[in-house]
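*Asks:* build me a model:
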Amino acid sequence: MAGFNAHNARLFSVEVGNSRLFHRLSIDTARLSFPASLPLWPAHLNHAELSRNQGFTHYNCTRFAVEMPLEGNLIGECRGRTHIVSPGEVYLIHYGEDSSYRVGPAGFCRKVGICFSGPLLPALVAETGLVEELRLKLRDPERFYAYVAELERRICEATQEDVADLSAFSYRLLLELAASIDRELPPLLRQAIDVMKVNLSQMIPIGEIAEKLQTSTSTLENLFARHRHTSPRKYFDDLKFAKAEQLLAESSLPLGQIARNIGYPCTMHFSRRFRQRTGMTPTEFRRKRQKASSQSV
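*Replies:* Residues are numbered from 1 along each chain as shown. Sure, this is the predicted structure:
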């Protein structure tokens with residue numbers, strides 16, 4: 001399959017909605033060829049005007065999307081949570097997740113949307129902290145909109161020689177977006193998260209983490225509930241299985257090694273937990289994520 005790019009092909013991603021009903025301007029980069037050596041690139045940018053009951057649902061989204069209301073508002077639904085997104089805020093649609101958005105209580109929405117693709121996109125979104133955000137209040141909306149306008153100009157004028165510059169500018173835009181994240185987490189919560197991140201290969205009870213940080217389990221549970229809307233145990237598990245998914249998709253490590261890398265000495269136990277979370281066995285997940293790449297060989 002000459003010129004095939006699995007990150008742009010979206011073979012297992014489904015969208016439900018009719019963009020032709022409301023897209024006023026739609027620009028994609030399909031005319032350009034982005035080599036897999038680039039970490040990310042802009043795949044699509046659109047200006048849209050939505051009326052009541054219009055919107056989109058994404059299943060297994062294979063891009064990272066930023067939806068920016070300019071007038072009116074949106075309702076976004078993902079991860080079991082619902083948000084009303086207004087001008088000055090953005091709604092984030094995450095790689096590999098199911099989500100939806102539709103017109104909000106205002107009854108209309110004029111918006112700009114940007115989609116990014118690329119092999120390092122999940123890692124970049126994770127490292128910048130954007131992976132934890134669904135609705136984000138922009139620190140400086142006018143500055144961010146200026147970045148978006150500049151990206152639009154570059155996309156429209158780009159030739160094949162400009163793909164590396166488009167990738168670099170996309171990274172700058174993500175960093176600008178990440179600058180809006182409220183990083184004023186309580187020091188104790190940040191310490192607990194850091195302990196989890198450096199101990200993914202260990203099965204550490206939350207009580208032991210609390211003990212090492214000289215606090216109580218109930219204090220950690222309250223902090224995670226208030227600031228991360230989940231329990232410390234689930235947050236730790238989410239970090240572990242996000243790492244497992246990355247290793248399954250991007251490496252040839254055997255299942256036993258991946259299981260041990262996230263603290264599961266028993267491969268069968270790991271596989272059972274993985275299936276409970278994703279609806280697939282690790283082997284099925286790996287096959288699904290790597291099938292497109294194997295077809296291009």
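
*Asks:* quick one, strands of the chain?
*Replies:* Taking DSSP state E as the test, the strands found in the chain are 14-16, 23-28, 41-51, 55-59, 64-72, 74-78, 81-85, 89-93, 99-103, 108-117, 135-137.

*Asks:* what average pLDDT does the last one get?
*Replies:* Put plainly, it is strand 135-137. Strand 135-137 comes out with an average pLDDT of 93.

*Asks:* on contacts alone, who are the packing partners of that strand?
*Replies:* When contacts are defined as 3 or more C-beta pairs under 8 Å, 6 or more residues apart in numbering; DSSP states H and E, strand 135-137 packs onto strand 89-93. From N, CA and C alone the C-beta is placed, and that goes for glycine too.

*Asks:* now do the strand it packs on and strand 108-117, the angle between them.
*Replies:* 50 degrees (axes from the mean of the first three to the mean of the last three C-alpha atoms, to 10 degrees).

*Asks:* now the residue nearest to the spatial centre of the chain: how far from Arg139?
*Replies:* Closest to where the C-alpha atoms of the chain average out (C-alpha atoms, centre = their mean) is His94, at 2.9 Å. According to C-beta to C-beta, to the nearest Å, His94 and Arg139 sit 20 Å apart.

*Asks:* list the residues that contact the residue nearest to the centre of the chain.
*Replies:* Cys61, Phe64, Cys78, Val125, Val131 (C-beta atoms under 8 Å, 6 or more residues apart in numbering).

*Asks:* same question, Arg286
*Replies:* When contacts are counted by C-beta under 8 Å, 6+ apart, Arg286 touches Leu248, Ala249.

*Asks:* and it, how far is that from Ser216?
*Replies:* In this view, Arg286 and Ser216 are 40 Å apart by C-beta to C-beta.

*Asks:* least reliable of the strands of the chain going by mean pLDDT?
*Replies:* strand 14-16 (a mean of 50).

*Asks:* tell me the buried residues in stretch 108-123?
*Replies:* 108-119, 121-122 (16 or more other C-beta atoms under 10 Å).
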